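In: Give me coordinates for this.
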Amino acid sequence: MQVYGLVGNPVGHSASPPMHEAAYEATGVDARYVTFEPERSAIADAIAGADALGVAGLNVTIPFKRDVLELVDPDPLAERIGAVNTIDFGTGKPNGYNTDAAGVTRAFEHHGVELDGADAVVVGAGGAGRAAAFALADAGSTVHIANRTAAKAEELASVVPGATGGGLETLERVGDADVLVNATSVGMEAPTETPVPAAHLHADLAVLDAVYTPLETRLLREAADAGAVTVDGAWMLLLQGVEAFELWTGLDAPVDVMNEALRAHLSND
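Out: Presented below is the predicted three-dimensional model:
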C-alpha cells in the first residue's frame with residue numbers, strides 16, 4: 001500500500017483526504033491519504049522522515065510551502081514561484097512541484113474562460129497570489145497584482161513576466177479587467193467582507209475566489225449579481241489536487257469523483 005498525505009500546520013480540517021481517497025478507490029490504486037502536522041521548526045526532519053519511511057508523495061500547505069523549497073529538487077515552475085505544494089518521493093532527492101498554478105488555469109479553463117490575451121488582476125501577493133500571478137502570465141495574460149502592502153506587490157511583479165503591482169487603491173483596474181483572482185483569505189473568517197468593492201465588478205469579468213469556506217463568498221455573490229462568470233475556490237482546490245494525483249500515479253484523475261467527494265465534505269463541514 002502506498003501512503004500519500006498532506007503536511008501543514010494546522011491541517012485538522014483539510015478537505016484533501018476525502019478527495020484523494022475517493023480517487024484511489026475509483027482508480028483501484030492501493031493507497032491511503034493522511035495528514036501530518038509538524039512544528040515549523042521540525043519541517044526538515046518531517047520531510048526526511050517521510051522519505052525514510054517510504055511515503056510516496058506529500059501535498060504541502062501553510063506555513064511550509066516556501067520552507068520545503070530548499071529540501072527538495074524543485075521543477076522550474078516551483079522554483080520561479082518560490083513555493084512547493086506537492087512532493088514526489090522518487091529516487092534520490094525528493095522532487096518538488098507547484099500544482100496551485102495548474103489549479104488556477106484549469107479552473108478558468110473548466111469554466112470556458114480564455115486567459116491568453118486577458119487583462120488579469122490578482123489580489124494578494126502571498127503564496128496563492130504568487131502561484132496565480134505566474135500561472136496567468138504563463139497562460140498569456142497581462143497581470144496586475146494588488147496587495148495591502150504595495151511594496152510586496154511590486155516585488156512580486158518584478159519577477160512575473162510583464163506584470164505590474166501596487167496597493168489596494170489600484171483595484172480600480174478591475175473595472176477594465178477580464179479576469180480577477182482573489183488570492184487572499186478575505187471573506188473566509190468574516191463572510192461579510194470582500195477584497196474588491198462591488199462597484200468595480202462587471203459582466204465582462206471572470207472571478208475566481210481562492211476561498212472555499214464558504215463556497216459562496218460575498219465577492220462571488222456580488223460578481224454574479226454584476227453578470228460575471230464566477231469560479232468558487234473548491235475548483236482551484238480540486239484541480240491542484242487532480243494535478244498532484246496525476247503526478248504521483250501517472251493515471252488520469254477521476255475528476256468528477258474527486259469533485260463530488262470534495263463538495264460533499266465541504267457541505268458537511
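In: CA atoms of stretch 82-97 as PDB?
Out: C-alpha atoms of stretch 82-97 as PDB (Å, rounded to 0.1, in the frame of the first residue of the first chain):
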ATOM      1  CA  GLY A  82       9.300  30.200  -4.900                       C
ATOM      2  CA  ALA A  83       6.900  27.700  -3.300                       C
ATOM      3  CA  VAL A  84       6.300  24.000  -3.400                       C
ATOM      4  CA  ASN A  85       2.900  22.400  -2.600                       C
ATOM      5  CA  THR A  86       3.500  18.900  -4.000                       C
ATOM      6  CA  ILE A  87       6.400  16.500  -3.300                       C
ATOM      7  CA  ASP A  88       7.100  13.200  -5.100                       C
ATOM      8  CA  PHE A  89       9.500  10.900  -3.300                       C
ATOM      9  CA  GLY A  90      11.300   9.200  -6.200                       C
ATOM     10  CA  THR A  91      14.900   8.100  -6.300                       C
ATOM     11  CA  GLY A  92      17.400  10.500  -4.800                       C
ATOM     12  CA  LYS A  93      16.300  13.900  -3.600                       C
ATOM     13  CA  PRO A  94      12.500  14.400  -3.500                       C
ATOM     14  CA  ASN A  95      11.100  16.300  -6.400                       C
ATOM     15  CA  GLY A  96       9.000  19.400  -5.700                       C
ATOM     16  CA  TYR A  97       6.200  20.900  -7.800                       C
END
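In: hmm, who's touching that stretch?
Out: With contact meaning Cβ atoms under 8 Å, 6 or more residues apart in numbering, stretch 82-97 is reached by 47, 50-51, 54-61, 65-66, 68-69, 71-75, 77-78, 98-100, 127, 130-131, 240, 243-244, 247-248. Where C-beta positions appear, they are placed from N, C-alpha and C, glycine not excepted.
In: can you rerun that using 6 Å?
Out: 51, 55, 57-60, 65-66, 68-69, 72-75, 78, 98-100, 127, 244, 247 (Cβ atoms under 6 Å, 6 or more residues apart in numbering).
In: again, but for stretch 139-158
Out: For stretch 139-158, the surrounding residues in contact (Cβ under 6 Å, 6+ apart) are 105, 115-123, 125, 133, 136-137, 160, 162-168, 170-171, 173.
In: Which positions within that stretch qualify as buried?
Out: Residues 139, 141-147, 150, 152-154, 156-157 are the ones in stretch 139-158 that count as buried (16 or more other Cβ atoms under 10 Å).
In: Residue 116 is in what secondary structure piece?
Out: Using DSSP states H and E, residue 116 maps to neither a helix nor a strand.
In: next one: residue 220
Out: Residue-wise, residue 220 maps onto helix 218-225 under DSSP H and E.
In: hmm, back to that, in helices only, show me the contacts of stretch 139-158.
Out: Among the contacts of stretch 139-158, the members found in helices (DSSP state H) are 105, 133, 136-137.
In: can you name the two of those residues that are farthest apart?
Out: 105 and 133 (11.9 Å; Cβ to Cβ).
In: more crowded one of those two?
Out: residue 133 (31 against 20; other Cβ atoms under 10 Å).
In: quick one: the more buried one from residue 104, how far?
Out: 9 Å (Cβ to Cβ, to the nearest Å).
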